[in-house]
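J.: pasting a predicted model and its sequence here:
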Amino acid sequence: MSGLVSVLSVSAGTLLAIMVFVALVFWYVKDITQKKHTVLRNYPVIGRLRYFFEQLGEYFRQYFFTGDREEMPFNRATRGWVYRLAKNEGGVIGFGSTYNLREPGALIFVNAPFPVIEEEQLPTPPLAIGEGYCDKPFLARSIVNVSAMSYGAISKPAVRALSCGAAMAGCWVDTGEGGLSPYHLEGGCDIIMQIGTAKYGVRDADGKLSPERLKELAAHESVRAFEIKLSQGAKPGKGGVLPGGKVTAEIAAIRGIPEGGDSISPNRHRDIANADELLDRIAFVRGITGKPVGIKTAIGGWHFMHELCDAVARRGKASAPDFITVDGGEGGSGAAPQALADHMSLSIDEALPRVVDALAEAGLRDRVRVIAAGKLVTSARAAWALAAGADFVNTARGFMFALGCIQALRCHANTCPAGVTTHNPRLQRGLVVADKAERVASYCRNMNKEIDMIAHSCGLRQAREFRREHVRIVQGFGQSIAFSSLYPYPGIRTA
């Protein structure tokens, strides 16, 4: 009898082992062949632990996990908001918000007692960039757009998904300083071609700006404008950094640099040392391409904007940049020295109104379009930017989340588990372009839709009617103050 029990025990154990093995094979095949979840596609079976612990975190965070609003650079509540928009799941929550309305810096929109009803609402109009000042002005259709991310810093499938998704949603993609790749053009979206300090993609054999390359790029109909990057929020005062392990043969060819070597841009343009030289370079690029030319910069105070506006006043409005992209010190989708990322340049909260006010004082506000960037990944933050005076909003990390980014903080290491910032083919495989392009488009559309929703709740017919009095900012003593009191509208400076 004992022998029979032993045999049955062995048989049961063997059967259980077989069942477990079959189950693991089943889940492995299912995970590696599905196209919805990048992490599962790259890490079959094991990747399910992420979703398991993510679910547990919702219920046990007060015991074992960080709270919804505690993580940096983006907390779980913010990431969840973006994920829902990208998946078309809506921004609806239950049982009240975890957003602390008494925390200094909290945004409160001033709701209208009589919101705008549906039949009175207007579509938010597109805005022209460079109209009257260049041969081929650009009519920009979306408030929310894809901020600068270079091919190299992000992967081939990521660029392809952004291009295709942006075309569906009607927004632009900024190439970043890494140059124009075939994958930017693939989807047929509007493109802003960035000219970085190393002039990747527009340089000649000596590393100088090439008029011939500018003409070639401008010949692409989808390249709508050019952006001269002075600095970026992640690392003001230092150029872009792409480790040699990410400089593939293709990326090297696009950038015009050797394969496998670290790609380190100079900390500024060697041919631009002051405001007048900057305006000379803007005029040069605009004259060759016939398209709008703007600048991107982080802001450290009032001096630069006053110097720039004074130079335009001497030379005339036609000399002004067609747009200014203001990057806050909290920006940064790629690698950056921590000393600069943590402590250099003003946040977008302070930089944006300073730029807008400087332009208004100089009588240039209608001439120069303002694009805001720097952790503006939610519709509330984007609506705040419009109230501050921005015409458009750029976001990089918002669209990275839409691509499947899980904030693993491995952007610089070529080991991104979501396939967004790696050139490892095995990890890239998890990022399915067709699926993620839909999410990119949904995120953009839903951001614009929610911005309009906030506007209507404030009693505005469309989002471009936002003004500073529609926002209140909570102060250190726990009470809010009108944004228009913190930053009163300036008068026009007279000579």
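T.: Received it, and whenever you're ready, just let me know what you need. Here the structure is a predicted model, which is why all the values come from computation and not from measurement.
J.: domain parsing for this structure?
T.: Split into domains by automatic domain parsing, the chain comes to 1-50, 127-486.
J.: nearest to Val82 among those would be which one?
T.: Between Val82 and the domains of the chain, the shortest gap by Cβ to Cβ is with domain 127-486, which sits at 4.3 Å. Using the backbone N, CA and C atoms, a C-beta is placed for each residue, glycine as well.
J.: end to end, how far does the closest one reach?
T.: Using Cα to Cα, to the nearest Å, one end of domain 127-486 lies 28 Å from the other.
J.: kindly report the same for stretch 191-199.
T.: End-to-end distance for stretch 191-199: 17 Å, by Cα to Cα.
J.: distance from that stretch to the middle of the chain?
T.: Computed by Cα atoms, centre = their mean, to the nearest Å, the chain-centroid distance of stretch 191-199 equals 16 Å.
J.: ok, residues contacting it?
T.: Contacts to stretch 191-199, defined as Cβ atoms under 8 Å, 6 or more residues apart in numbering, come from residues 148, 172-178, 180, 184-185, 201-202, 207-210, 217, 220, 222-229, 239-240, 255, 257, 263, 265-270, 285, 296.
J.: so which of these belong to strands?
T.: Under the assignment DSSP state E, the contacts of stretch 191-199 contribute Trp172, Val173, Asp174, Val223, Arg224, Ala225, Phe226, Glu227, Ile228, Lys229, Ser263, Lys296 to strands.
J.: still on that earlier bit, deepest-packed of the domains of the chain, please.
T.: domain 127-486 (a mean of 21; mean count of other Cβ atoms under 10 Å).
J.: what pLDDT, on average, does that domain get?
T.: Mean pLDDT, taken over the full extent of domain 127-486, equals 91.
J.: could you do stretch 80-87 as well?
T.: 88.
J.: which parts of it are buried?
T.: When burial is assessed from 16 or more other Cβ atoms under 10 Å, stretch 80-87 yields the following buried residues: Gly80, Trp81, Val82, Tyr83, Arg84, Leu85, Ala86.
J.: C-alpha coordinates for it, PDB please?
T.: Output in PDB follows, covering the C-alpha atoms of stretch 80-87 (Å, rounded to 0.1, in the frame of the first residue of the first chain):
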ATOM      1  CA  GLY A  80      -1.500  56.900 -14.900                       C
ATOM      2  CA  TRP A  81      -3.200  60.000 -16.200                       C
ATOM      3  CA  VAL A  82      -1.000  60.000 -19.400                       C
ATOM      4  CA  TYR A  83      -1.400  56.200 -19.800                       C
ATOM      5  CA  ARG A  84      -5.200  56.500 -19.700                       C
ATOM      6  CA  LEU A  85      -5.200  59.300 -22.300                       C
ATOM      7  CA  ALA A  86      -2.900  57.300 -24.600                       C
ATOM      8  CA  LYS A  87      -5.100  54.200 -24.200                       C
END
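J.: list the contacts for Tyr489?
T.: Counting by Cβ under 8 Å, 6+ apart, Tyr489 makes contact with Asp357, Ala360, Arg468.
J.: for Ile348, state which of the buried residues of stretch 80-87 is nearest.
T.: Looking across the buried residues of stretch 80-87 and measuring by Cβ to Cβ, the closest to Ile348 is Val82, at 17.3 Å.
J.: surely that closest one and Val440 touch.
T.: No: contact criterion Cβ atoms under 8 Å: Val82 and Val440 do not qualify, at 11.4 Å.
J.: overlap in contacts of those two?
T.: Ala402.
J.: could the domains of the chain go into a markdown table alongside distance to Phe74?
T.: Formatted as a markdown table, those follow (distance: least, Cβ to Cβ, whole Å):
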| stretch | distance to Phe74 |
| --- | --- |
| domain 1-50 | 17 |
| domain 127-486 | 6 |
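J.: among those, which comes closest to Gln121?
T.: Among the domains of the chain, domain 127-486 comes nearest to Gln121, with 5.8 Å by Cβ to Cβ.
J.: give me the distance from that closest one to the chain's centre.
T.: For domain 127-486, the distance to the chain centre is 7 Å (Cα atoms, centre = their mean).
J.: re the thing from before, would JSON lines of the contacts of Tyr489 with secondary structure be doable?
T.: What follows is the contacts of Tyr489, written out as JSON lines (DSSP: H, G, I helix; E, B strand; the rest coil):
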{"residue": "Asp357", "secondary structure": "helix"}
{"residue": "Ala360", "secondary structure": "helix"}
{"residue": "Arg468", "secondary structure": "helix"}
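J.: which one of those is nearest to Phe304?
T.: Ranked by distance to Phe304 (Cβ to Cβ), the contacts of Tyr489 are led by Asp357 at 13.4 Å.
J.: contacts only, for the closest one.
T.: By Cβ under 8 Å, 6+ apart, the contact list for Asp357 reads Gly389, Tyr487, Tyr489, Pro490.
J.: the last one should be in a helix, yeah?
T.: No: under the criterion used here (three-state DSSP), Pro490 is coil, not part of a helix.
J.: which elements pack onto the helix or strand hosting Tyr28?
T.: Take DSSP states H and E as the rule and Tyr28 turns out to sit in helix 2-33. Contact here means 3 or more Cβ pairs under 8 Å, 6 or more residues apart in numbering; DSSP states H and E; on that basis helix 2-33 packs against helix 38-42.
J.: noted, bye for now.
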